[in-house]
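Colleague: I would like the atomic coordinates for the input below:
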Amino acid sequence: MAKKEALDATAELLTALNEIEQLYEKTKENKIEYDFYKDIEPYVNEIHEKIRTWESLVVEEVAARNIRYFGKKQIEQVCSNTGELAIQAFHYTTSYKRFKDHYQSTKFLLTSISKKLD
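Modeller: Numbers count the residues shown, from 1 in each chain. I've put the predicted structure just below:
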């Protein structure tokens with residue numbers, strides 16, 4: 001059961017990550033400025049809740065299954081990058097290269113853990 005929950009949470013975080021990328025593209029292209037309290041804070045809080053859920057489920061599953069090449073450091077990296085990307089997506093001045101590098105790295109880690117959990 002924990003495996004299914006971890007896989008579902010990983011899929012949900014991947015979906016959120018893709019939505020973050022789309023938000024960034026829209027923000028960058030149209031140079032949109034968002035209100036912190038109305039737009040940014042609620043969205044980032046929602047993403048952080050998904051991150052916390054994912055982290056707790058995956059830490060347990062990785063420890064239980066002793067998955068190689070995916071440990072605490074990689075899990076922390078996914079959490080950190082996803083949180084940062086959620087905030088950076090609202091700022092059109094965010095460096096395109098930096099955003100894309102973090103996005104691709106995080107997507108790779110999430111896809112990798114998804115395959116290892118499956």
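Colleague: enumerate the positions of stretch 20-29 that are buried.
Modeller: For stretch 20-29, burial by neighbour count (16 or more other Cβ atoms under 10 Å) applies to 20-21, 23-24, 27-28. (Each C-beta comes from the backbone N, C-alpha and C, glycine too.)
Colleague: need the residues that contact it.
Modeller: Stretch 20-29 has contacts (Cβ atoms under 8 Å, 6 or more residues apart in numbering) with 32, 34, 47, 82, 85-86, 88-92, 94, 96, 99, 103.
Colleague: now that stretch: average pLDDT?
Modeller: Across stretch 20-29, pLDDT averages out at 97.
Colleague: past the helix ranked longest in the chain, which element shows up next along the chain?
Modeller: The helix that spans the most residues within the chain, counting by DSSP state H, is helix 2-30. The helix or strand immediately downstream of helix 2-30 is helix 41-65, counting by DSSP states H and E.
Colleague: from the contact counts, what lies against the helix or strand that comes right after that following helix?
Modeller: Per DSSP H and E, the first helix or strand lying C-terminal to helix 41-65 is helix 72-88. With contacts taken as 3 or more Cβ pairs under 8 Å, 6 or more residues apart in numbering; DSSP states H and E, helix 72-88 sits against helix 2-30, helix 41-65, helix 96-117.
Colleague: pLDDT of the shortest one, averaged?
Modeller: Same thing as helix 96-117. The model assigns helix 96-117 a mean pLDDT of 95.
Colleague: list the buried residues in it.
Modeller: 99, 102-103, 106-107, 109-110, 112-114, 117.
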